[in-house]
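Peer 1: What would the 3D arrangement of this be:
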Amino acid sequence: MTHGTSDPVGTALASIGAGASTGAACVTVGLIVLRAAGPAEAIIPVSLFVGVVVAVATAWILSQPIADYFRRGLTAAIGTFTALLLAGLAVPADMLAGVFGLSVYLVLLVALSIWAWLKARMAGGA
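Peer 2: Next comes the predicted model:
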């Protein structure tokens, strides 16, 4: 693909991946804080809310080259659902290795997020 052309399917898929991994990373940070700070009632709901908002915003912003608002909204919704699925995968990491497992999972999510951001920008013609 040449510079300046847009691939809507690639943009949508990469935006979903970026939104999902960024939102799940926010939830994982909340779980690490919960493990480090001890029991606190507000950490889980707040980190879930922040993760959902970040997932929606990331997928929506990165899918700007897609002109149809319905398709952009669908991209954001799928990214949010996938973020919650990826956040659920933090539970086995926590059970197997505790804070170290969550930290490794967070590093993987951040790496995936950076890669997906770059792919979304390239597919969008930026």
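
Peer 1: All the helices of the chain, in order from the start?
Peer 2: 8-37, 43-62, 69-88, 90-123 (DSSP state H).

Peer 1: Pull the distance from the first one to the chain's centre.
Peer 2: If I follow you right, that is helix 8-37. Averaging C-alpha positions (CA atoms, centre = their mean, to the nearest Å) puts helix 8-37 2 Å from its chain's average.

Peer 1: Now it: buried residues?
Peer 2: Neighbour counts using 16 or more other CB atoms under 10 Å place 8, 10-32, 34 of helix 8-37 among the buried residues. Placement of C-beta: from N, CA and C, glycine included.

Peer 1: Okay, now the unreliable bits of the protein?
Peer 2: Applying pLDDT under 70 to the chain picks out residues 1-4, 125-126.

Peer 1: again, only using 90
Peer 2: In the prediction, the chain carries residues with pLDDT under 90 at positions 1-8, 35-44, 67, 123-126.

Peer 1: for V104, what are its contacts?
Peer 2: V104 sits next to 93, 97 when contact means CB atoms under 8 Å, 6 or more residues apart in numbering.

Peer 1: tell me the most buried of the helices of the chain?
Peer 2: helix 8-37 (a mean of 22; mean count of other CB atoms under 10 Å).
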